[in-house]
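Asker: Next one to model:
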Amino acid sequence: MKRMTVIGLTGGIGMGKSTVAAQLAALGAKICNADAIVHMLLGKGGAAAAEVERAFPGAVNDGGVDRKALGDIVFHDAKQLAKLERLLHPLVVAEENRFIGNERRKGAKLIVLDIPLLFETAAERRCDVTIVASAPAFLQRQRVMKRPGMTAEKFLRIVSAQMPEREKRKRADNVVLTGLGKGASFRTLASWLKGL
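Answerer: Next up, the predicted model:
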């Protein structure tokens, strides 16, 4: 691995993407997490707060986005959700590009863009290679149902809103099977990185 490589990492809810990201970090990668960027942008004084208030009046409280209020507006209305995504997407990409530039200047060899909607937003075009974290459906359900506040209905709604697993696997350059245990996925990643 001579030059800097940008890896796009994705995976549906409960598929083990966070574990794979942590393992890549342990193997020396610098991780840029899209969800963390969104939290920052929507937080108190965040760069997206004023735009969100203009687009969704009443969704901002005390300088930060009230995530529950915003969720009530967008998560049951595909048009409103698309409007929010159009607003946030350029801001997230700008932060990711800033991260890549900073890490390049520091001499990083491996960058991971951890993006839940990697293929949905065509973000794979900005990556050298892509990885999808994947697990059997029964294990995915088991993992997600352990989360606080999760219901069977909410789980089905989230899964149905995401790109089908088989489609993600088909599009990805590499699939990391997270249902075989952390040791197996770590060995898979370590072996794969040696070949970059």
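Asker: What mean pLDDT does the longest helix anywhere in the chain get?
Answerer: Counting residues, the longest helix found in the chain (DSSP state H) is helix 78-105. Helix 78-105 comes out with an average pLDDT of 94.
Asker: How about residues contacting the helix or strand that that helix is followed by?
Answerer: Where DSSP states H and E defines the elements, the next helix or strand beyond helix 78-105 is strand 110-114. With contacts defined as Cβ atoms under 8 Å, 6 or more residues apart in numbering, strand 110-114 is touched by 1, 4-10, 17, 21, 24-25, 27-35, 96, 99-100, 103, 123, 126-127, 193, 196. (Each C-beta comes from the backbone N, C-alpha and C, glycine too.)
Asker: Whatever helix or strand comes next after strand 110-114 pairs with which strands?
Answerer: Sequence order places strand 129-134 as the next helix or strand after strand 110-114, per DSSP H and E. Pairing partners of strand 129-134, with direction, according to DSSP bridges: strand 5-10 (parallel), strand 174-177 (parallel).
Asker: Check these for me and report the most buried one.
Answerer: strand 5-10 (a mean of 24; mean count of other Cβ atoms under 10 Å).
Asker: What angle do strand 110-114 and that one make with each other?
Answerer: Computed by axes from the mean of the first three to the mean of the last three Cα atoms, to 10 degrees, the angle separating strand 5-10 from strand 110-114 equals 20 degrees.
Asker: Could you look up the next helix or strand downstream of strand 5-10?
Answerer: Taking DSSP H and E, what comes next after strand 5-10 is helix 17-26.
Asker: Need the contact partners of that next one.
Answerer: Contacts of helix 17-26 with the rest of the structure, by Cβ under 8 Å, 6+ apart, involve 7, 9-11, 31, 33, 110, 112, 114, 116, 131, 133, 176, 178, 182, 185-186, 189.
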